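Asks: pasted the sequence and its predicted model underneath.
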Amino acid sequence: MFNGPWMRELSRMPWGIVLVTIGLAGFGMVILYSAAGGSLSPWALKHGLRFCLFLAMALGISIISPDTWMKYAWGVYGAVLVGLIGVELIGQVSGGSQRWLDLGIIRLQPSEFMKLAVVMVLARFYHFLPKGYETRPAALFPALALIAVPAALVMLQPDLGTALSIAFGGVVVMFLAGVRLWLFLGAAVAGLAAMPLAWSMLHDYQRKRVLIFLDPSTDPRGAGYHITQSKIAIGSGGISGKGFLNGTQSHLDYLPELHTDFIFATMAEEWGLIGGLFIIGGFGIILGWGIITAMQARGQFQRLLALGLTSTLFFYLAINMMMVMGLAPVVGIPLPLVSYGGSAMLTVMILIGLIMGIARQNKLPNA
Amino acid sequence: MSNEAIRQQGFTRRALFLGGGMGLVGAALATRMAWLSIFEGEKYRLASEDNRVQLRLIPPRRGWIVDRNGKPLALNKPDYRLELIPDQIGDLDAVLKTLGGILALSYDDELRIRADIAIQPGYMPVEVKRDLDWPTFAGLNVKVADVLGLRPVQAFSRVYPDADHFAHLLGYVGSPTPNQYKEQKDPLLIFPGFRIGKDGIERHEDRLLRGKAGARREEVTARGKVVRELDTRGDEPGATLKLTIDRDLQSFTARRLGDNSASVIVIDCVTGDVLTMVSMPAYDPNVFSTRVPTKLWKELQDNDHNPLLNKSAMGLYPPGSTFKMVTSLAVLAAGVPPGAGTSCSGKYRLGNNTWHCHSRRGHGFVNMHTALPKSCDVYFYAFGRQVGIDAIAVMARRMGLGQKYELPLPGQAAGIVPDIAWKDKRYGKPWNPGETLNTSIGQGYLIANPLQLAVMTARVASGREVMPRLLVPTDGSPPPEFPSLGIPEEHLQIVRQGMYDVINSGIGTARGARSPIDGVHFAGKTGTAQVRRITAAERRAGVKRNEALPWKQRDHALFVAFAPTEEPRYAISVIIEHGIAGGRYAGPIARDVLTFLYDPERAMKTLIPIEAAMKARREAEARAAAVEAAAVAEPETLMPSWLRMEEVTPPVFEIAPPDAPQPERDEP
C-alpha cells in the first residue's frame, strides 16, 4: 500500500502548487467573507466548496496523459466551437445576447473553454508542423483562422474581454512555436494603423469605457466612478490596510462589483500593499512553475500547451489588476481563484490541471 | 543537432522572453500598487474618509417672540415634511411616481413641485409635502431612505397665534432666496425646511432669532443611507425676543378697526415703549410662512386697502389739523402771546386767492385758547404766516416729524417737513407764502407716517424727547430718561389745555372721544386730510359731501390723543384712510383703545356691534364669492416660496397743489 502505484502517483503531484492555489482561494474566501459584511453567505462558503470540487477535478485531470489531449485536441476544439455557435444561434432566436448553454444541471459558457481549446489545438497544429514551415502562408493562415473564428464569435456576444483573452492565448502559442518575429512587429504596426477601424466596431458602452479610462474625471458618477472608487479603495489601504472587516469603501457600497471584478480593491483596502503582494507573489509562483514546466516538457505539443495556458492565466491576472489599479479600461474579467464566480474558476482549475498533467509527465522516467 | 533539439532551443529562448515580459508586468503592477498605497495613500485615505463621513446640519430652532408680559406672539410647532434636492434626484418622473403611491400627491402638488424645480437653482431644496402625520413620516423614513435627493425632514414651522393682528409688525418667515444663499454662504440656508425672517421684526432681527446650527457626523453608504452617527454638536436655539408690545391691547385694537384701512400706534410717553402698532387690513403670516396660494396673493395685491403694506411705518399721510399743535408751539416760541387773536370770517385772503376755514360762517374772534378746540384754520393761516415756514419746520422736526427712528423694522418712511431750503433743493424754486398757509394746517408738502404722529403726541404730552422702542432690552436695564425738549412748560400747558378742550369742552371738535372712565381724562386733536384735487368746476358747483364720494376720494380721518391729561402716560395716533372725518370716525377708535388700557372689559363691549356688522358683511361677500367661484373653478396654484414684498408700494394719494387755497369743506 505504502509503496504501491498510488503512493508513486501521489508523490508525483506538484503539492507546492496545490498549496499555493489553496492559499489564494482561501484568501479569496476570507475576502468574500468580509465583502458580505462578515458572513459566509452568500459568497464565501460557496466559493470554498466550489474550489474544493474543482481542485479535486484538477488533480483528476492531471492524471490524464498529455498525449491523450493531443489525440483529442481537434475534437475538443470542434466541440467547443459548436457550443459557441450554438450559443450564438440561441441568442439570435431568443432575441438577446446569451453567453451560456443551459444543460439542465449546469450552465456551460463555451467561450471560457475556448480560451483553453484554442491553445490546445494550436499546440497540436504546431507539433506536427515541420520545423521551418511556421511562417509560411500555408501554415500561417490556418493558425490565424483557428484563432479568429472563435474570437469573432465571442466578440459577437459581445464579450470583448474573453475575445481578447482567446486571441492572446492563440497568438502566444504562435509566437512560441517560432513564427517569425517580424510578423508580430508587423502585426503590431498594422494593429495600431487599424485602431480607427476597431474603434468604429466597438459598441458605444465599450467606447465610453475606453474614453473614461483615459480620463476618469469626465464621468465621476458613472463608469469613471468605478475606476476612481477602486483607486480610492486601494490607495486608502496603505501598506497594511484598514484591517479585516474594516473596509469602508466596500462595506458602504462605494466599490462596484466588490466580490467579482473589483475583489482586488476590496482586498487591498483591508489588507493593504502586503495583501496585494501576497496575491501577486502567489500567482508569480504559479506562473513561474508554468514556465519551468513548459521548458522541461517533452515534445512541442506539451511545451506549447503548458506555456500557452500559463500565458492565458497571466492574461487574466494582468488585465484584472491593471483594471482595478486604473491602468486599463473596465473590462469584465475576474481575478482567478479569488473572485467569486463559477465559470472563471472552473476554467482556471482545468488550466492548472492540464499544466499539472504535463508536470507529472516531466517527472515520469523516460519512456 | 536533431530537429527536436533545435525546436526546444528556439522555444526556450522565446519562453524566457515571454517569462521576462510577465515578470516585468508583475513588477509594474506591484510598483503601481505601492505608488497608490504609499505615495498617494494620504490623498486616497482622505478621499475614502470623505466618502464615508457626511456632515449633516442640525437646524437651530427659531427664537420665540413674546410681548411685554411674556405672552407668545410667534412660536414654533414641530412639522414633518418631505423635501427633495433637484440636483441629487436622478429620474424625477420615476421618483414622483413612487411618491404618488406613498403620499397621495395631487396633480396640483406635482405641478407646484415641477414649477419650483424649474425656477430654483438645483441645490435649493423643494418642498414635496408638509404637515405630514407621524405614521406617514415614519413610513417615509424607511421607504425613501435610499432614494438619493429625497429627505424626510423634521422641522419646526412658525406659528403666529394672533395671525393678522401682528402681521406687519412681526412679518413672517419663508425659504431663503438663492441670492441670500449666494451672499451669506451659510449652508443652513439650503437646509431642507429652513426658514428665515422675511418681513417685519422677523426679518430685521433674523440673526438673533435664527440661532446657531448644530452638526452631526454620520457614516453613510454610497446611496446616502445613514449607517450610524459618529458624533454630534448640538444646535443653539435662537434668542427669545421680548417686545414692548402689549399683545392684548394690539389684538383689541386690530379688532376694533374692523374693515377700515387704518393704522393705530400707542406709545408709552414716559418710556417710549410702543405698546401697539397695528396696520389693518393685513395678511395672515401663518399662511405666508408656508406657501401662499396665487389667488390669495393676487387678491391681497389688488385690494385697495393695501393689506400688504405696513401703514404704521410706511404709509405717509398729510397730518391735517393734528399738526396744529406744532404750529401752535412754533407761534408761542416766536413770542406771540396766546391771547393774541384774529377774527375768523370763514375766509382768509392772500393776494388774489381766498383760503377757506372749515367753518363756512367763521368762528368769530379766536385766540390760541379757542383756535385749537375749534380747529380754526384762519387763526393758523394768520399766525403761521406771521412766524414763517422755517420756524414751523424747526418745531416739526423737534417734535419728531421728518425722521426715522431706531426701530427693528425693515422699512420706515421719513416723510417730508418742508422749508425754504428744502424747496429750493428739491424744486429749485423760492418758497411761496401760500404754501406756508397750507403747511400751518398740516397740508401741502407736509407728510408724516402714523408712528411719527404718535411720537409727536407723546412729546407734546411729556415735554421730553421721547424716542419709540420696540424691543425690551435683554439685560433688564431701566427705560431711558429722555432729555427735555427745551420747550417752556407754559407753552406746552397751553397746547395740552387746547387738546383737552377738543374732547372735553363744549366747543371741541371731538366730543365723541370723551373718556368713559371716571377720573381719567383724554386730550386729543382731530385731523381730516384732503386727498384729492378739487377742480374749478367742482368749486363753482359747490363741494360734495365726503360720504357721497367714492371711497378712494374721501378724506383721511386722523386723531391723536394722550391720557390721562393730569399725568400723561399714553399717546395714541389713529389714521383711517379715506375715513371721512377725524372727529367722527377716528376719535371714537382712539377713545376705545385708550379705554382698554384702563378698563378692558368695558372696551371689549364696544366690539360686539362692530364685529356683528363685520360678520354680516363677510357672509354676504362669501355668498357672492361662492357664486363666482362656482362659475370659474380654477386649480389652486401656489406662489413661489419667496414673495416680492419689495414690490409693495404705498398708495399714492392725489394731493392738491401745495399752494392751492383751501376750499370750503365741512370737517375740521
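Replies: That came through fine.

Asks: all contacts plus neighbour counts: C-alpha atoms, from now on.
Replies: Fine.

Asks: for chain A, what's the nearest residue on the stretch 301-450 of chain B?
Replies: Closest to chain A within the stretch 301-450 of chain B is residue B:410: 44.9 Å, counting by CA to the nearest CA.

Asks: assign that residue to helix, strand or coil.
Replies: Of the three states, residue B:410 takes coil under DSSP: H, G, I helix; E, B strand; the rest coil.

Asks: and for it, the neighbour number?
Replies: 17 (other CA atoms under 10 Å in any protein chain shown).

Asks: could you report the pLDDT at it?
Replies: We note a pLDDT of 84 for residue B:410 in this prediction.

Asks: residues contacting it?
Replies: Residue B:410 makes contacts with B:199, B:200, B:201, B:203, B:204, as judged by CA atoms under 8 Å, 6 or more residues apart in numbering or on different chains.

Asks: mind doing that once more with 6 Å?
Replies: In this structure, residue B:410 makes contact with B:200, B:204, judged by CA atoms under 6 Å, 6 or more residues apart in numbering or on different chains.

Asks: outline the domain layout of the chain.
Replies: All of this is about chain A. For chain A, automatic domain parsing gives the domain ranges A:1-63+A:202-304+A:316-367, A:66-201.

Asks: meant chain B, my bad for not saying
Replies: With domains defined by automatic domain parsing, chain B comprises B:55-242, B:247-616.

Asks: tell me the phi and psi of the residue of the stretch 301-450 of chain B closest to chain A?
Replies: phi -70, psi -20 (degrees, to the nearest 10).

Asks: quick one: name the residues of the stretch 101-250 of chain B near chain A.
Replies: Counting by CA under 6 Å from any CA of the partner chain, the residues of the stretch 101-250 of chain B close to chain A are B:221, B:222.

Asks: I'd like to know which of the domains of chain A is closest to chain B.
Replies: domain A:1-63+A:202-304+A:316-367 (4.0 Å).

Asks: residue B:229 contacts residue B:218, correct?
Replies: Yes: contact criterion CA atoms under 6 Å: residue B:229 and residue B:218 qualify, at 4.4 Å.

Asks: show me which of the two is the more surrounded one.
Replies: residue B:218 (19 against 13).

Asks: tell me the bridge partners for the more buried one.
Replies: For residue B:218, the beta-bridge partners are residue B:54, residue B:229 (DSSP bridges).

Asks: count of residues packed around residue A:20?
Replies: Here the number of neighbours of residue A:20 (other CA under 10 Å) works out to 17.

Asks: now it, nearest residue through space, not along the chain?
Replies: In space, and not counting its chain neighbours, residue A:20 is closest to residue A:282: 6.2 Å by CA to CA, 6 or more residues apart in numbering or on different chains.

Asks: give the buried residues for the helix or strand harbouring that neighbour.
Replies: Taking DSSP states H and E as the criterion, the element that holds residue A:282 is helix A:263-296. Neighbour counts using 16 or more other CA atoms under 10 Å in any protein chain shown place A:263-277, A:279-280, A:282-296 of helix A:263-296 among the buried residues.

Asks: swap in stretch B:164-182?
Replies: Buried, per 16+ other CA under 10 Å, within stretch B:164-182: B:164-177.

Asks: kindly report the same for stretch B:2-12.
Replies: Those would be B:7, B:8, B:11, B:12, for stretch B:2-12 by 16+ other CA under 10 Å.

Asks: I'd assumed the first one was in a helix, is it?
Replies: Yes: counting by three-state DSSP, residue B:7 is found in a helix.

Asks: how many residues are close by residue 137?
Replies: No chain was given, so I picked chain A. 10.

Asks: wait, chain B was what I had in mind.
Replies: 20.

Asks: in terms of helices and strands, where is it?
Replies: For residue B:137, the enclosing helix or strand under DSSP H and E is helix B:134-143.

Asks: that helix - contacts with which helices or strands?
Replies: Counting contacts by 3 or more CA pairs under 6 Å, 6 or more residues apart in numbering or on different chains; DSSP states H and E, helix B:134-143 is packed against no other helix or strand.

Asks: dump it to CSV, restricted to CA.
Replies: Extracted as CSV, the C-alpha positions of helix B:134-143 are listed here (Å, rounded to 0.1, in the frame of the first residue of the first chain):
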residue,chain,number,x,y,z
TRP,B,134,-46.2,60.9,12.3
PRO,B,135,-47.0,57.4,10.9
THR,B,136,-46.7,58.7,7.3
PHE,B,137,-43.4,60.4,8.2
ALA,B,138,-42.0,57.3,10.0
GLY,B,139,-43.0,55.2,7.0
LEU,B,140,-41.3,57.6,4.6
ASN,B,141,-38.1,57.4,6.5
VAL,B,142,-38.0,53.7,5.7
LYS,B,143,-39.4,53.8,2.2
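
Asks: that'll do, ta.
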